[in-house]
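Participant: pasted the sequence and its predicted model underneath.
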Amino acid sequence: MSANPSNESHLPRWLVLNRNFVLLWAAYGVSAFGDHLSEMALLQEAGGLERDDITRVQALMTFFFFMPFVIFGPLAGWWADRFSRQATMIVTDILRAGIMISLSITVPWLAGFGFGDYAVALPLAATGALAAFFSPARQAMIPTLIRPDQLVRANAMISALGTIGAILSAIVGGLLVDRALAGHFELYWNYRLDALTFLVSAALLAGILMSRSRAVRHTITPGVLTPLREGFAYVWNHRRVLQIIMLGVVFWASAGVVISVVPAIVRDVFAGQFTDAGMYRGLIAAGLAVGAALLTLVGSALPIPLAVLASVTGGACWIFLLDAAVVFKLGRIFTGLCLLMIGVHGAGILVTVMVVVQRFVPDARRGRVFGVSDMCTMAAIAGATGLLGLSHIPHLDRYIPTLLTVVGVCMLATAWFAWRTYTRAQPVGPLLWLLYQISTLYIRLLARVRRVGPCTIPREGPVILAANHTAGIDPLLILVTTTRPISFVVEQKYYHRPLAGWFMRQADCIPINRDRPGKSFLEQSLRLLRRDGCLGIFPQGTYVDANSEPEPDAKVGVSVLALRSGATVVPCHISGTRYAYNPFRAYFMRHNARVRYGQPIHMSDYRGRERDKQTARDLSDLIWQRINALAPEADDET
C-alpha cells in the first residue's frame, strides 16, 4: 500500500470538513444499512419464528458469517499492508453486491440438494470472507485520513452511523419480510436492496483521494509467511495491544450469544413477530449508536482504562438484568431497555479496541495487527455461535436464562481481570487510582486542559515540581498532564475538610500554615523527597485575580527544599484558567487550561552550598524566571 505523504497540518480540524473521512463514514453507514436486510429474509426461508429452535438458526447464520474472519483474518491483514486499502474495499463491496443478487437463486438451489438449515448459512460464509478483507483495510486506513487527536471521535462517528444503519436495516428487513408474508411482494427484494447498498458504498469509496491523507510509503516485507509472522509477533510482544484484543474477544463472544437469543426472547417474553425481532435487534444497534455519540462528545478526554472498566462492568450488569427480564417476563419496555444499554456499553469496548490499535501500532503493520485482531475476536463470536448452532441441542430456547447468566459471569470476570491489570503496577492504591481516572475525565472535559509539549518530570528519583498558582483547580491540572503521581503542599485549613481532606491525605499531600510554616512542614517534605517522591509546590503560596491585583512574589521555600534534599526542580507554567476567590468554585467553572513543563534544574551545581541563604535566594529567582519563561504569548492561547 502506498500514498503520497501529506502534512498533518493540511488536514481539517473538523472531521465533517474532511472530504475523505466523510466519504468513508458515509460508505460504512450505507453498507451497514444492508446488513440485516438479507438476514431477515434468510431467517424466514429457514422456517421463521414458528420454530422452537430459532436461536440455533440465528446462531448458525452468525457462525458462518464470522468464521471466514478466523480463517482469513491474518491473510487479510497482510493484504491490507501490501496492497491498496481503498481498492480492496471497493472490490469487496462490488463482489458482495453480486452475492446478494444471487441469493434468490442459490438458497433454493442449496435447499434442493438437502442442505437444510445450511442452505441459508453457507452463502453468508462467502460474504463473510469478503468482509474479512474489507475490515482491516478500513480500520487501518482511518488514521491516515485524520489527525491523531481525532481517533476517538472518528471511530465513534463511524460506529454511530454504522449502528444507525443497522437499526434501520433490522427494522426495514423485518417489515419487508412481514409484507412478503402478507403477499405484497417477494422476499428477493430484501436481497436486491442489500446489493444496492454495497454498490453505493463502493461508489463513495472510489471518491476518496489518498493524495490528501497522512499515508506514506513504507518498506514492504517480501513474501507472505514472514509478514504474517511479524503481525503475530507484534501482538504477542506488545502487552497493551494483546490485552485490548483479548477484551474484544470477550465482547464478541458475549455479543454472539446475545444476538442469537434476541428472536426467541421477543417471541417468549411478549409474543412478538418478525418486525419486533428486527426492532429489538435494532435496539442493540441503537445502544451502540448512543454509546458512540457519547464517545464523540467525550472525545480523547476519556482515559482508556476508565472506558474499559465502565464498559465491561456496565455491560455485565445489563446482561444480568436482561436475564431477569426473560425469567420473570418483564415486558417490552424493560427488555428493550436492557438491549439498548448492552449496546451502549458495547460501543465503549468496540471504540476502545479500535483506538488503541490505531494509536499505538505503526501504519506499516496496522493492517496485519487488525487482521490478527479480527481473527481472534471473530473466533470468539464464531465459537459462541457455533456451540449454539452446530450442536443440535433439543429445545435450545429453554436454556436462554442459563446462557445469559454464563455470559454475565464471564463479563464480570473480565472486569475483575482488567481492574487487577490496571491497578497492579500503580504507585498509588487502587481506589486513589480510580479517583485519578475519574478526575482526569472530569478535568479534561470541564477545564479543557491540554499539555503543550512533553512532560519533563523524571520518572524516578526525588523531584520538586514548581508552578505558578492561578486557581484552586491547578493541582488537578498538573496531575492530569503528568506521568507520575504528585504530592502537593496544601493549605492546612483545607487538609481537614471531609471530602477534599480525605483525597489529600490519600495522595500524601503535606499541609502547611502559610503564616507560620514551621519545622513540621519542612521535615515532612524532606521525608517525602528522601523516599524519591515528587512534591508539587506553588512558590507564590497563593493566587490572586491577575486583572486587579499584582502577582505575589515567589518565596524561597522551594529552593531551600531543593538544596537540602538534592531533588531535581521542574518548572511548570499554567495558563488559561479563570479566577474564583473560593478555590473549590474553580472546579465547577469552564476553563481553557494549558500546562507547560520546562527543562529540569539539577542541584549538582549547588553542591556544598545547601545552607547558604544567598544561594537559596538566587536559586529561587532562577526557578521563578524559568517558570515565567514558559508563559505563552497572548496569541498562542487557542
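Facilitator: Yes, it's here.

Participant: going forward, measure contacts and count neighbours with C-alpha atoms only.
Facilitator: Fine.

Participant: quick one, what contacts Ile245?
Facilitator: Residues near Ile245 by C-alpha atoms under 8 Å, 6 or more residues apart in numbering: 353, 373, 376-377.

Participant: before we move on, what about Gly566?
Facilitator: Gly566 neighbours (C-alpha under 8 Å, 6+ apart): 462, 602-604.

Participant: ok, it to Ala233 distance?
Facilitator: Remark: distance between Gly566 and Ala233 (C-alpha to C-alpha, to the nearest Å) = 44 Å.

Participant: returning to what we had before: who wins on neighbours among the contacts of Ile245?
Facilitator: Most neighbours among these, by other C-alpha atoms under 10 Å: Ser373, with 31 neighbours.

Participant: can you say which helix or strand has that one in it?
Facilitator: For Ser373, the host element (DSSP states H and E) is helix 363-389.

Participant: who does the next helix or strand after that helix touch, helix- and strand-wise?
Facilitator: Later in the chain than helix 363-389, the nearest helix or strand by DSSP H and E is helix 400-424. Judged by 3 or more C-alpha pairs under 8 Å, 6 or more residues apart in numbering; DSSP states H and E, helix 400-424 is in contact with helix 239-270, helix 304-328.

Participant: list the contacts of Cys509.
Facilitator: Cys509 neighbours (C-alpha under 8 Å, 6+ apart): 487-490.

Participant: an error on my part: the question was meant for Trp318.
Facilitator: Per C-alpha under 8 Å, 6+ apart, neighbours of Trp318: 338-339, 341-342.

Participant: biggest separation within the contacts of Ile245, which pair?
Facilitator: Val353 and Cys376 (12.5 Å; C-alpha to C-alpha).

Participant: re the thing from before, quick one: closest of the helices and strands packed on helix 400-424 to Pro430.
Facilitator: With C-alpha to C-alpha, the closest approach to Pro430 among those belongs to helix 304-328: 12.4 Å.

Participant: quick one: work out the angle between the closest one and helix 400-424.
Facilitator: If you take axes from the mean of the first three to the mean of the last three C-alpha atoms, to 10 degrees, helix 304-328 sits at 160 degrees to helix 400-424.

Participant: ok so, going back, can you tell me which of the helices and strands packed on helix 400-424 the model trusts least?
Facilitator: With a mean of 83, helix 239-270 has the lowest mean pLDDT of the helices and strands packed on helix 400-424.

Participant: and the helix or strand following that one, what does it pack onto?
Facilitator: Toward the C-terminus, helix 239-270 is succeeded by helix 274-298 as the next helix or strand (DSSP H and E). Here helix 274-298 touches helix 151-181, helix 239-270, helix 331-360, going by 3+ C-alpha pairs under 8 Å, 6+ apart.

Participant: which of those is buried the deepest?
Facilitator: Neighbour counts (mean count of other C-alpha atoms under 10 Å) averaged over each of those peak at helix 151-181, with a mean of 25.

Participant: contacting residues for Arg531?
Facilitator: Neighbour list for Arg531: Pro462 [criterion: C-alpha under 8 Å, 6+ apart].

Participant: phi, psi for it please.
Facilitator: Torsion angles at Arg531 (phi, psi; degrees, to the nearest 10) stand at phi -90, psi 20.

Participant: now swap in the one 10 residues further on and tell me
Facilitator: According to degrees, to the nearest 10, the main-chain angles of Gly541 amount to phi 80, psi -20.

Participant: next one: Lys613
Facilitator: Torsion angles, degrees, to the nearest 10, at Lys613: phi -70, psi -40.

Participant: same question for Val556.
Facilitator: Per-residue torsions, Val556: phi -90, psi 0 (degrees, to the nearest 10).

Participant: what pLDDT does the model give it?
Facilitator: Val556 is given a pLDDT of 84.

Participant: one more: the one 5 residues further on?
Facilitator: Reading off the per-residue confidence, Leu561 sits at a pLDDT of 89.

Participant: OK, contacts around it?
Facilitator: Residues in contact with Leu561, defined by C-alpha under 8 Å, 6+ apart, are 522, 525-526, 567.

Participant: just put the residues you listed in JSON lines and tack on neighbour count and secondary structure.
Facilitator: Shown next, in JSON lines, are the contacts of Leu561 (neighbours: other C-alpha atoms under 10 Å; DSSP: H, G, I helix; E, B strand; the rest coil):
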{"residue": "Leu522", "neighbour count": "15", "secondary structure": "helix"}
{"residue": "Ser525", "neighbour count": "23", "secondary structure": "helix"}
{"residue": "Leu526", "neighbour count": "21", "secondary structure": "helix"}
{"residue": "Ala567", "neighbour count": "26", "secondary structure": "coil"}
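
Participant: these into a markdown table, with extra columns for distance to Pro227 and pLDDT?
Facilitator: A markdown table is the format used below for the contacts of Leu561 (distance: C-alpha to C-alpha, whole Å; pLDDT from 0 to 100):
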| residue | distance to Pro227 | pLDDT |
| --- | --- | --- |
| Leu522 | 59 | 79 |
| Ser525 | 54 | 86 |
| Leu526 | 54 | 88 |
| Ala567 | 48 | 92 |
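
Participant: nearest to Cys410, of the residues you listed?
Facilitator: Once C-alpha to C-alpha is applied, the member of those that ends up nearest Cys410 is Ser525, at 46.0 Å.

Participant: correct me, but that closest one touches Gly536?
Facilitator: No - with contact defined as C-alpha atoms under 8 Å, Ser525 does not count as touching Gly536 (10.1 Å).
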